[in-house]
Structure formats: structure tokens, C-alpha cells
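> model this:
(chains A, B, C and D)
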Number of protein chains: 2
Amino acid sequence: MADAAGPRQDEPIPDATVARLPIYLRGLVELSDDGVSTVSSVVLASLAGVNAANVRKDMSYLHAHGTRGVGYEVDHLIGEISLALGGGVRSPVVIVGVGNLGRALSRYDGFVAGGFPVAGLVDADPAVVGRKVAGNIVRSVEDLADLVAETGCTVGIVATPAAAAQVAVDSLVASGVSSILNFAPTVVTVPDRVDLRQVDLATELQILGYHQHHRAVAGRSDRATG
Amino acid sequence: MADAAGPRQDEPIPDATVARLPIYLRGLVELSDDGVSTVSSVVLASLAGVNAANVRKDMSYLHAHGTRGVGYEVDHLIGEISLALGGGVRSPVVIVGVGNLGRALSRYDGFVAGGFPVAGLVDADPAVVGRKVAGNIVRSVEDLADLVAETGCTVGIVATPAAAAQVAVDSLVASGVSSILNFAPTVVTVPDRVDLRQVDLATELQILGYHQHHRAVAGRSDRATG
DNA sequence: GATGCCATGTGAAATGGTGCACAAGCGCCT
DNA sequence: AGGCGCTTGTGCACCATTTCACATGGCATC
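Next comes the predicted model:
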């Protein structure tokens, strides 16, 4: 009986798998909306752009078993993945930094749809504090701890300039937030108990730039040697 | 003498290394601004948040040798990394989709600073076409090929809703763009010759959600078993 | 000029992830 | 009831990446 509820989530799921779960989930929800009730690993793989064996292995980590000869039950998979990805709990987020990016993020539908409603916005600039953005009044960064406490936020999004990012992160950590998504183009540090992910827009372009440049150089070299 | 210019870029740099180069570059530029002329792998590693041996191996892929007992020359490293990341060539980008996110991206300083000036914006919505956003007149998505040809864009950014993303990507590919950064929350496909990177904001939060949930479950289980 | 210190550069082991290939199992059709 | 075709679940080998550990070699000091 302790068995029934307990050991499901105990074994950790590999990071690479976790990163794919939201992709699977999107594809599955789409299938469900289309009235599809069953899906094979091959189909789900093509929807997610990965290998079919990879899908099967990922599902085995979730203990989301399918039926041999048939496939996986779509709704069941949706349930299992949702459960793994936070148990369907809606985690409100607070956005620090209401510049261009912060405003865009506060209006981004995908957050709400994904179970992460924006509970509040804060900024350090007094000129911005008090203004209403996407239905939220911007509050002072000094109210951050209060805001987090009031709304029960556990996730913080940092959309400040690079120079302010570490301070923003520290404030979030001090306020009790345990997960942080950092959009500022700088390396920030957090205590071990806090989970940090970095999204770096300029970096992504630079990586693309490398491949472009490298293709060009390789092409030239091909012509030279071939 | 053919040796001097040629074979530097021939051996491919591992993807994991390429992904770190922009991070190193940021740290190095900061050091250079502070008047620091020499840096050890240990210091650079702490700036980038990685292991020092990793830094040294990464630099060896670039043939950016340091001096034993001393470290690496900051300006030299900046030059080598910039060279690897596209040779200092400025690649203008075109943004498809001028919604909340597209507008924010078009105003994002980091792109210009990183050598990726926004050369144009396009949208499918006639209500948006013709409006001026961040100094650019929004043009129709039908003009995309012309715009790419005029400006010599090689990079496209997709900031459309999910439903329009594949069409946007196809248009970019048809227009001759060879690198695409997709912000739409959906899996898109491109020909092999085109390089695609996916940035998925909601997915990032869901990954954070997994870890948060998992920590909570592990904590409960700790109390139960310990 | 020799010696000691220090940081690089790299071989090799450990780690983590991917994909193949195949056995096992389920349902359908005869 | 039996056989067949389809799909899951997984052992295994391969590959990329990380990390350790140490030999190598330059610089400064004496």
C-alpha cells in the first residue's frame, strides 16, 4: 500500500528524457484533440523529431507502458507525462525585469497554457513601477519577497539587463523561489537547492553563425581539394 | 604559405564546445574591458561556470594555445573565438512574425551586439504590415524572398504562432536562408543543408517544473524512509 | 645559468546518451 | 484454437563529452 503511491517518482529520469517530455506532451495533446486514442512509438517519434527506440526508452522511465502490437494510449501518456512534469500543479511565476523581453514574456500565452501563469511583475526602475502590463501592476523589486509570499510563486524569470541579473537572482533566491529561468546574457550562480536554466538568445544565434561559417569554409576547402 | 590560412578551420569543433564559445567570449570581453591581459583556464572556467580542464580542451580545438605557467592572452582568445564563430562577419537576420515576441526580439540589443543586426521584419497579418517596429517597416511575408535577397540575410528567426511556424520555415528556406532560430512551440523540419535551432520558452519552464516536483517527492520520500 | 613554481596540453577512464536489433507479447483473423 | 503481423521493451555496442591526473614546458627568481 505504501508501494502504490510511493516509488513511482523515486528513480530519477535522465535529463535528456525530461527535456523531451514537453515535446511529447504537445504532440500527444494534439493527437488527443484530433480524437486519436492510440499512438505507436514510431508516430510519436516522428511528431517529436526523435528516434522511435528513444521514445520507447523514455516512456519506460515514466513507467508508462504501452500495449505490444498496438501502441500507447494517448490519454494515459498525457496523464503520465503531466504527472512527471510537476503533477499537474500550476506554478505561478514572477518575472523580474519589465523591459522589452519581460513585457513579451508576460504576454506569452504558452506560459499559461503550460501551467505557469504569470503572478506578478517587478522592476527596479521607479518609472516602470505602478504601470500596468498584461493585466499586472508592476511592483518594485523591493516588494519581491512579499509578492512571492502572497502568490506562492516558486518560479522566477529573470529578464533584466546582464548587469542586474545576479542581483535579481539573489533576490529571487532570498524570496524563496526554487526554480529560475534566466534570460539575461550572463552567467549567474545559485545555491545547490535552486534549479537554474539559462536561455541565451544571442548565444543561439552565434552558434548558428559558427555552423554557417564552418559550412562556408568547408565548402571552399571542398572546391580546393575536390 | 597555403598552410597559414587554410587548415585552421578544417577539423570540426565539437558541438558542446561551440555552445560554450559565446560564453567564453562574453567573459573574455569583460576581462579585456577591465584591462586584464592574461587569463588562466581556472579563472575562465569560473567565469563560464564550467570545469577548467574543459576550458583547456575547448581552447585546444580552436588551436588557441596559451603559455604554460602563465595562461591565455585575453585579446588573442577573443580573436580566435570570434573567428571560429563566423569570422567576425556580421550576418543580418530577418524576423518572421511580429507579435509580442517578434517585437521584443526586434528590439533586443544582444543581437546587434553579437553581430546579428535585424535587417527586416515580416508578418502575414495585413494589419501589421506597413507599421514601423524598432526602426523597421514590417513587410508582407510574400516579400520575404525579396527582402532576403536585398539584404543578404542568411539567418531567419521564426516568432510566429505554432500553427504558422512550418510555413514560415518553408518560406525562409525557399528564400535561401541557411540558418533558422525557431521560437514557435512546435517541431518543424528543414532540409539537411539548413541549420535549425529551437528555443522553447514554455518547455524550459516545464523542465524546471519537473525538477521542482521531483525534489518535492524526493523530500517526502526522504521523510518517509529516513 | 640553474631551480622551483605554475599553468598548459593531453592520454585515458568514466559518464551519459543514442540507436540497433531482437526477443517477448498482444490482438486479430482464419 | 492456432498462427501471423505488429509493436513494445531492452540488452548491447557505439559515440560524444566530461573529468581526472600527470607529464611537459615556460617564466621568474636567486
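
> Indicate the residue of chain A located nearest to DNA strand C.
Of chain A, the residue with the smallest distance to DNA strand C, taken as C-beta to the nearest atom of the strand, is residue A:69 at 2.8 Å. All C-beta spots, glycine's among them, are computed from the backbone N, C-alpha and C.

> Any idea how many residues pack against that residue?
A count of neighbours around residue A:69, defined by other C-beta atoms under 10 Å in any protein chain shown, yields 6.

> any idea which helix or strand carries it?
Residue A:69 is part of no helix or strand, with elements assigned from DSSP states H and E.

> pLDDT at it, what is it?
Residue A:69 is assigned a pLDDT of 95 by the prediction.

> So it versus residue B:94, what's the distance?
For residue A:69, the distance to residue B:94 under the criterion C-beta to C-beta, to the nearest Å works out to 48 Å.

> what sits up against the helix or strand hosting residue A:180?
Taking DSSP H and E as the criterion, the element that holds residue A:180 is strand A:179-182. Counting contacts by C-beta atoms under 8 Å, 6 or more residues apart in numbering or on different chains, the residues outside strand A:179-182 that touch it are A:91, A:154-158, A:165, A:169, A:172-173, A:188, A:190, A:194-199, B:204-205, B:208-209, B:211-212.

> List buried members of those residues by neighbour count.
Neighbour counting by 16 or more other C-beta atoms under 10 Å in any protein chain shown classes A:91, A:154-158, A:165, A:169, A:172-173, A:188, A:190, A:194-196, A:198-199, B:204-205, B:208-209, B:211-212 among the contacts of strand A:179-182 as buried.

> taking the residues you listed one by one, which sit in helices?
Secondary structure of the buried ones among the contacts of strand A:179-182 is defined by DSSP state H; positions in helices are A:165, A:169, A:172-173, B:204-205, B:208-209, B:211-212.

> Just flag the most distant two among these.
Of all pairs drawn from those, the one with the longest distance (C-beta to C-beta) is A:165 and B:209, at 21.7 Å.

> what's residue A:69 sitting at in phi/psi?
Geometry field for residue A:69 lists phi and psi as phi 80, psi -10, criterion degrees, to the nearest 10.

> For chain A, give me the ranges with low pLDDT.
In the predicted model, chain A carries pLDDT under 70 at residues A:1-10, A:218-226.

> got the domain boundaries for it?
Recorded structural domains for chain A (assignment: automatic domain parsing) are A:2-84, A:93-203.

> how about those domains in JSON lines, adding distance to DNA strand D?
Listed next are those as JSON lines, based on distance: least, C-beta to the nearest atom of the strand, whole Å:
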{"stretch": "domain A:2-84", "distance to DNA strand D": "3"}
{"stretch": "domain A:93-203", "distance to DNA strand D": "14"}
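
> Quick check: chain neighbours aside, which residue is closest to residue A:129?
Spatial nearest neighbour of residue A:129, excluding adjacent residues (C-beta to C-beta, 6 or more residues apart in numbering or on different chains): residue A:140 at 4.9 Å.

> Alright, I will stop here.
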